[in-house]
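Chemist: I'd like to go over a predicted model; first the sequence, then the structure.
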Amino acid sequence: MNLLAEIRSRFATALASVDGFTGDTRPIVELVRPSSDAKFGDYQANCAMPLGKQLGKPPREIAASLVEALDVSDWCETPEIAGPGFINLRVKDEQIARLVARAAQSERLGVPQVATPQTVVVDYSSPNVAKPMHVGHIRSTVIGAALAEVLRFLGHRVITDNHIGDWGTQFGMIIYGYKHFVDEVALEKTPVPELTRLYRLVNRLIEYHAAKTTGLPAMEERIAGQTKLVAELGSVPATGDKKVDKKEAKKLHAAENSLRELKADQTSLQNQIAAIDNDPTLGPLAQQHTGIGKAVLQETAKLHEGDPTNRDLWQRILPPCLEEIDATYDRLGVTFDQTLGESFYHDRLAKVVDDLVARGLATESEGAMCVFLEGFDAPMIVRKKDGAFLYSTTDLATIAYRMEEWQPDVILYVVDYRQSLHFEQLFATARMSGFDQVELQHVPFGTVLGEDGKPYKTRSGSAVGLGGLLDEAVDRARAIADGSKLLTTDQERQQVAQRIGIGAIKYADLAHNRTSDYVFSYDKMLAMNGNTAAYMQYSCARVRGIFAKAGVTLEESLSQACEIKLDSTAERALGLALLQFAETLERVAEDYRPNHLTTYLFELASRYSDFFQNCPVVKAESTEIRASRLALCALTVSTLETGLRLLGIESVERM
RNA sequence: GCCCCCGUAGCUCAGGGGAUAGAGCAUCGGUUUCCUAAACCGGUUGUCGCAGGUUCGAAUCCUGCCGGGGGCGCCA
């Protein structure tokens, strides 16, 4: 039962009989929501104020006629009108009790299936498999998996697809590295570290040459230009007009800042070059491979053209790379229905471009094939002047394939917000190509920051590896597990440490509003207090402890029909919170924001904590109350654990 | 130059037209013959960046400004 939805539908009915109302009921009905404050009841309807405006009547009068027409007497006490025209609703205690009892008996914990299931493709994680996964992959992976699970639980048909980067320049780099630098013994014994070494080595050499031949000279040019600009701005005479002078001063200041940044970048480039030059092995290597940048692109092109040597190498390189990312997914407990990477679409790309040309959407410009879109300064390039395709081409081919294969109603792309422009162009092009029935939705997210407020990096400036990140979290979580008196074996402590550690990272990510950046902090995410995985897991374990003490199992408590009694405010508040799981999941699905669920779980745990403090369960004053409270505990722990499970977080029996 | 996002308590963050702006941390005080005290309860803490505007009502929407971040034809 979705209480909120139910009450809203009653309001929709009532609205029809309000004198003079003709418009769309939905926006008005959406003004029914959970109360901002418990003293205003459980739900509040803010409909009367805007209606008053629309209909030219006093809001309180509208509220009165709405209440008159409203039939909620089976669910709620008599509605109250307050303030300028708020309608406050209080759910009847016996209804909460009845619904809690029913939810406890239901597999779905009282969450209804959606009336009209949709087919939803969720595209998330999508790493480049040739490079080790790093901190930047957490958000997409964790948010995408959580959204998929929530949608699935609500009854939608969900297809998760990991659109891995298995065909791009990174493989050209590894192929080049293989041909020149491979250590065959190492590759045989420990393929992934060897491939990573090759990737990093080639990458470093490319960056070295790029910095030396184009980066640094370009930088010098920009610095010269900027220096000139600063000098010019500095010599502008004061006009005496305060406003103008202030604006000039600001410009100068900005130019100076920009110059300073350029110089810092220049220094770092110089250092990067010097590091190679001064290295006894890398220095000579760099001199031997001056054309490495171009050569790598050629290796990539040869791979794409079907060159047998490079295809064989790709066939050999790919499996260990996939095994490596699968190992990471195993640790994270993340799975996919499909893993259709870039290579899967390779032979469909030419057709994509041909179709665009045939439809008159793509035109040639400066040798490249471009889609010029209204409202965008730059075109979306679908074929480079050298004939190679780009990720926009692959993405278009992917949409076509998904439409053909699965006929989805929605495709979600859980991808960094910095790719917003790309998706705007991609979606616009897709719609013009005839895919205008599907809802294409970029689900963007912000950056993971270090404690300094800058993107989370190692001290040397490289991305933090995902494996190491998980190790560290589990190590730190081990201290929590070691502090437990209830965990006896080392094996048990290690398992709990893993669940707490991995859970901490996932939960911290999901608990933040997806669209904002957040600061990564082990201390905060592993805290035993506050909105953290550790606290939620502890809450679950505490509830489970009661069943051990009571000598019944959770399952028994859930399945045995019993009357729920909600005589104290703590019990009533807990009961109501338990019923709001359904509307919470609905909300997560509406705007694709898992943090609504973490907020809900934290509040549910708080309601439980209040209950735990005030209402003895095992030593309740009567057997009826004991059974009722045990059922409340059972539904609480089921709801908490289900919520965590949907977020991809494992709970623990004891900790 | 153009476009997008952000600015909320000392810190980390919720809230994104609705009633007196919330939580955790920090800080101060309290709770243990009682189901997990790694817990709980209470106190303190605000120019919601600034200034205008729209509205019955603005942290929320609009405009301008200040500060920070990101993106912008051949990477993904």
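Modeler: That came through, no problem. Residues are numbered from 1 along each chain as shown, chains lettered A, B, ... in the order given.
Chemist: Get me the contact residues on the stretch 351-500 of chain A for RNA strand B.
Modeler: For the stretch 351-500 of chain A, the contact set with RNA strand B under Cβ under 7 Å from any atom of the strand comprises A:365-368, A:370, A:377-379, A:381, A:384-386, A:388, A:390-391, A:417-422, A:447, A:449, A:453, A:479-486. (Each C-beta comes from the backbone N, C-alpha and C, glycine too.)
Chemist: change it to 6 Å
Modeler: By the rule Cβ under 6 Å from any atom of the strand, the part of the stretch 351-500 of chain A lying against RNA strand B is A:365-368, A:370, A:377-379, A:381, A:384-385, A:390-391, A:418-422, A:480, A:483-484, A:486.
Chemist: where does the residue positioned nearest the centre of chain A land in three-state SS?
Modeler: Geometric centre of chain A, nearest residue: A:Ile143, 2.8 Å, by Cα atoms, centre = their mean. Three-state call for A:Ile143 (DSSP: H, G, I helix; E, B strand; the rest coil): helix.
Chemist: wait, it sits on A:Leu597?
Modeler: No: in this structure, A:Ile143 is not within contact of A:Leu597 by Cβ atoms under 8 Å, at 11.4 Å.
Chemist: and for those two, which residues touch both?
Modeler: Common contacts of A:Ile143 and A:Leu597, defined by Cβ atoms under 8 Å, 6 or more residues apart in numbering, comprise A:Leu510.
Chemist: What is the lowest-mean-pLDDT helix or strand in chain A packed up against?
Modeler: When each helix and strand of chain A is scored by mean pLDDT, DSSP states H and E, helix A:242-277 comes last, with a mean of 76. Here helix A:242-277 touches helix A:191-210, helix A:216-234, helix A:282-288, going by 3 or more Cβ pairs under 8 Å, 6 or more residues apart in numbering; DSSP states H and E.
Chemist: Those helices into TSV, with extra columns for mean neighbour count and mean pLDDT?
Modeler: Compiled in TSV, these are given as follows (neighbours: other Cβ atoms under 10 Å; pLDDT from 0 to 100):
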stretch	mean neighbour count	mean pLDDT
helix A:191-210	20	89
helix A:216-234	14	79
helix A:282-288	14	89
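Chemist: for those, which one sits closest to A:Thr569?
Modeler: A:Thr569 lies closest to helix A:191-210 among these, at 57.1 Å (Cβ to Cβ).
Chemist: Contacts for the closest one, please.
Modeler: A:130-132, A:170, A:173-174, A:176-178, A:181-183, A:186-187, A:272-273, A:276, A:282, A:285-286, A:289-290, A:292-293, A:296, A:317, A:320-321, A:323-324.
Chemist: Between the two ends of stretch A:202-220, how far is it?
Modeler: Between the opening and closing residues of stretch A:202-220 we find a distance of 25 Å, counting by Cα to Cα, to the nearest Å.
Chemist: Near A:Pro58, how many other residues are there?
Modeler: When neighbours are counted by other Cβ atoms under 10 Å, A:Pro58 registers 13.
Chemist: what sits against it?
Modeler: By Cβ under 8 Å, 6+ apart, A:Pro58 lies in contact with A:Gly52, A:Gly85.
Chemist: let's see 10 Å
Modeler: Going by Cβ atoms under 10 Å, 6 or more residues apart in numbering, A:Pro58 touches A:Ala48, A:Gly52, A:Ala64, A:Pro84, A:Gly85.
Chemist: same question, A:Ala388
Modeler: Contacts for A:Ala388 (Cβ under 10 Å, 6+ apart) come out as A:Thr169, A:Leu297, A:Thr300, A:Ala301, A:His304, A:Leu349.
Chemist: Redo the helices and strands packed on helix A:242-277 as a markdown table? Include distance to RNA strand B.
Modeler: Shown next, in a markdown table, are these (distance: least, Cβ to the nearest atom of the strand, whole Å):
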| stretch | distance to RNA strand B |
| --- | --- |
| helix A:191-210 | 12 |
| helix A:216-234 | 11 |
| helix A:282-288 | 22 |
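Chemist: Mind listing what's buried along stretch A:175-185?
Modeler: Buried residues in stretch A:175-185, counted by 16 or more other Cβ atoms under 10 Å: A:Ile175, A:Tyr176, A:Gly177, A:Tyr178, A:His180, A:Val182.
Chemist: I should have written stretch A:54-69 there, sorry.
Modeler: Buried residues in stretch A:54-69, counted by 16+ other Cβ under 10 Å: A:Leu55, A:Lys57, A:Pro59, A:Arg60, A:Glu61, A:Ile62, A:Ala63, A:Ser65, A:Leu66, A:Val67, A:Ala69.
Chemist: can you check stretch A:577-590 too?
Modeler: A:577-589.
Chemist: where exactly do the helices run in the stretch 301-450 of chain A?
Modeler: Assigned by DSSP state H, counting those that start in this stretch, the helices in the stretch 301-450 of chain A fall at A:308-332, A:349-358, A:391-406, A:420-432.
Chemist: check the contacts of A:Pro58 against RNA strand B, which are close?
Modeler: When those are checked against RNA strand B using Cβ under 6 Å from any atom of the strand, the ones in range are A:Pro84.
Chemist: The contacts of A:Pro58 into JSON lines, with extra columns for pLDDT?
Modeler: JSON lines is the format used below for the contacts of A:Pro58 (pLDDT from 0 to 100):
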{"residue": "A:Ala48", "pLDDT": "93"}
{"residue": "A:Gly52", "pLDDT": "88"}
{"residue": "A:Ala64", "pLDDT": "93"}
{"residue": "A:Pro84", "pLDDT": "90"}
{"residue": "A:Gly85", "pLDDT": "92"}
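Chemist: Now, the contacts of A:Pro58 that are in helices?
Modeler: If you go by DSSP state H, these have A:Ala48, A:Gly52, A:Ala64 in helices.
Chemist: Name the SS class of A:Arg654, please.
Modeler: Following three-state DSSP, A:Arg654 is assigned to coil.
Chemist: Identify the residues contacting the closest residue to it other than its chain neighbours.
Modeler: The shortest distance from A:Arg654 to any non-neighbouring residue, by Cβ to Cβ, 6 or more residues apart in numbering, is to A:Leu486 (4.4 Å). Shown in contact with A:Leu486 (Cβ under 10 Å, 6+ apart): A:Glu492, A:Val496, A:Ala541, A:Gly545, A:Ala548, A:Val652, A:Glu653, A:Arg654, A:Met655.
Chemist: from the residues you listed, which two are the most distant?
Modeler: A:Val496 and A:Ala548 (16.3 Å).
Chemist: okay, those two: which has more neighbours?
Modeler: For A:Val496 versus A:Ala548, neighbours defined as other Cβ under 10 Å are more numerous around A:Val496 (25 against 14).
Chemist: nearest residue to that one other than its sequence neighbours?
Modeler: Using Cβ to Cβ, 6+ apart, the closest residue to A:Val496 is A:Ala481 (4.4 Å).
Chemist: give the contact list for the residue of chain A found nearest RNA strand B.
Modeler: Closest residue of chain A to RNA strand B, Cβ to the nearest atom of the strand: A:Gly483 (2.1 Å). With contact set as Cβ under 10 Å, 6+ apart, A:Gly483 has these partners: A:Arg493, A:Met528, A:Met655.
Chemist: Which ones among the contacts of A:Ala388 also lie next to RNA strand B?
Modeler: Okay, of the contacts of A:Ala388 touching RNA strand B (Cβ under 6 Å from any atom of the strand), that's A:Thr169.
Chemist: any chance of the contacts of A:Ala388 in a markdown table, plus pLDDT and neighbour count?
Modeler: Conversion of these to a markdown table gives the following (pLDDT from 0 to 100; neighbours: other Cβ atoms under 10 Å):
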| residue | pLDDT | neighbour count |
| --- | --- | --- |
| A:Thr169 | 86 | 19 |
| A:Leu297 | 88 | 17 |
| A:Thr300 | 90 | 21 |
| A:Ala301 | 89 | 16 |
| A:His304 | 89 | 20 |
| A:Leu349 | 96 | 20 |
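Chemist: For the contacts of A:Ala388, which two are the farthest from each other?
Modeler: Going by Cβ to Cβ, the pair spanning these furthest: A:Leu297 and A:Leu349, at 16.9 Å.
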